[in-house]
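*Asks:* For reference, the sequence and a predicted model appear below.
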Amino acid sequence: QKEVEQNSGPLSVPEGAIASLNCTYSDRGSQSFFWYRQYSGKSPELIMFIYSNGDKEDGRFTAQLNKASQYVSLLIRDSQPSDSATYLCAVSSEAGTALIFGKGTTLSVSS
Amino acid sequence: DTGVSQDPRHKITKRGQNVTFRCDPISEHNRLYWYRQTLGQGPEFLTYFQNEAQLEKSRLLSDRFSAERPKGSFSTLEIQRTEQGDSAMYLCASSTTGRAIMNTEAFFGQGTRLTVV
């Protein structure tokens, strides 16, 4: 059974701080890793993807991947109240297989 | 709008009735996924198509659920004899064929919220 684990939170950070979201996965064959943001009552929105070990930066977001530790993280710099949402980690193995999602971490950014 | 489109957005049905949902993927995307999401949970995989072929189906998907993608474009998900436990958000996503071992990014539609009363 392929599993993706996330701390459900809530993770609370003040405006301007760095938010750090973590995810572990069970399938060592996993190749593709995604972070989605989901506002309450809305569908998931893709914000980052990473395929290789190391860091990938896009604006205020940095995704980090460590395949040896089976660990993916998302850093949000200069957090804004509009970043308050549930962040979903998703993992897939070979091309053409389904994305498996974690339950998500709820982030709350206070102004 | 060139994103993933789902119809209807909301559906209320009585227990025992059949319901059908439609998904129109992004036009150049050959992969289409159906997920179900309940409150406080992440999206749960239901089934996946590459073009018109249904390549993967969750073991959790009961026989009351069936999905089709007849011409490799839009897809339908039908639930027969609905039960209260079927109440959830049904999400469709699409993506393209990526490099040999990588999945490309999947984009979601706005979902169909099903309430079974």
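*Replies:* Okay, I see it. Numbers count the residues shown, from 1 in each chain, chains lettered A, B, ... in the order given.

*Asks:* where exactly do the strands run in the chain?
*Replies:* You didn't say which chain, so I picked chain A. With DSSP state E, the ranges of strands along chain A come out as A:4-5, A:11-14, A:19-25, A:32-38, A:45-50, A:54-58, A:61-66, A:71-76, A:85-92, A:100-101, A:105-110.

*Asks:* um, chain B though
*Replies:* Assigned by DSSP E, chain B shows strands spanning B:5-7, B:10-13, B:19-24, B:31-37, B:44-50, B:53-57, B:65-68, B:75-79, B:88-95, B:107-108, B:112-116.

*Asks:* can I get the ones you listed in JSON lines with distance to residue A:17 and mean neighbour count?
*Replies:* Yep, even glycine has a C-beta here, placed from its N, CA and C like the rest. Output for the strands of chain B, formatted as JSON lines (distance: least, CB to CB, whole Å; neighbours: other CB atoms under 10 Å in any protein chain shown):
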{"stretch": "strand B:5-7", "distance to residue A:17": "36", "mean neighbour count": "17"}
{"stretch": "strand B:10-13", "distance to residue A:17": "37", "mean neighbour count": "14"}
{"stretch": "strand B:19-24", "distance to residue A:17": "38", "mean neighbour count": "19"}
{"stretch": "strand B:31-37", "distance to residue A:17": "29", "mean neighbour count": "25"}
{"stretch": "strand B:44-50", "distance to residue A:17": "32", "mean neighbour count": "21"}
{"stretch": "strand B:53-57", "distance to residue A:17": "40", "mean neighbour count": "14"}
{"stretch": "strand B:65-68", "distance to residue A:17": "43", "mean neighbour count": "17"}
{"stretch": "strand B:75-79", "distance to residue A:17": "41", "mean neighbour count": "19"}
{"stretch": "strand B:88-95", "distance to residue A:17": "31", "mean neighbour count": "24"}
{"stretch": "strand B:107-108", "distance to residue A:17": "28", "mean neighbour count": "21"}
{"stretch": "strand B:112-116", "distance to residue A:17": "34", "mean neighbour count": "18"}
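
*Asks:* Looking at chain B, which residue is nearest chain A?
*Replies:* Sorted by distance to chain A under CB to the nearest CB, the residues of chain B start with residue B:42, at 3.5 Å.

*Asks:* List phi and psi for that residue.
*Replies:* With angles defined as degrees, to the nearest 10, residue B:42 shows backbone torsions of phi -80, psi 170.

*Asks:* quick one: contacts for the residue positioned nearest the centre of chain B?
*Replies:* Nearest to the mean C-alpha position of chain B, by CA atoms, centre = their mean, lies residue B:34 at 2.6 Å. Contacts for residue B:34 (CB atoms under 8 Å, 6 or more residues apart in numbering or on different chains) come out as B:23, B:46, B:47, B:48, B:67, B:75, B:77, B:90, B:91, B:92.

*Asks:* my guess is the last one contacts residue B:29, does it?
*Replies:* Spelled out, that is residue B:92. No: applying CB atoms under 8 Å, one finds residue B:92 not in contact with residue B:29, separated by 10.8 Å.
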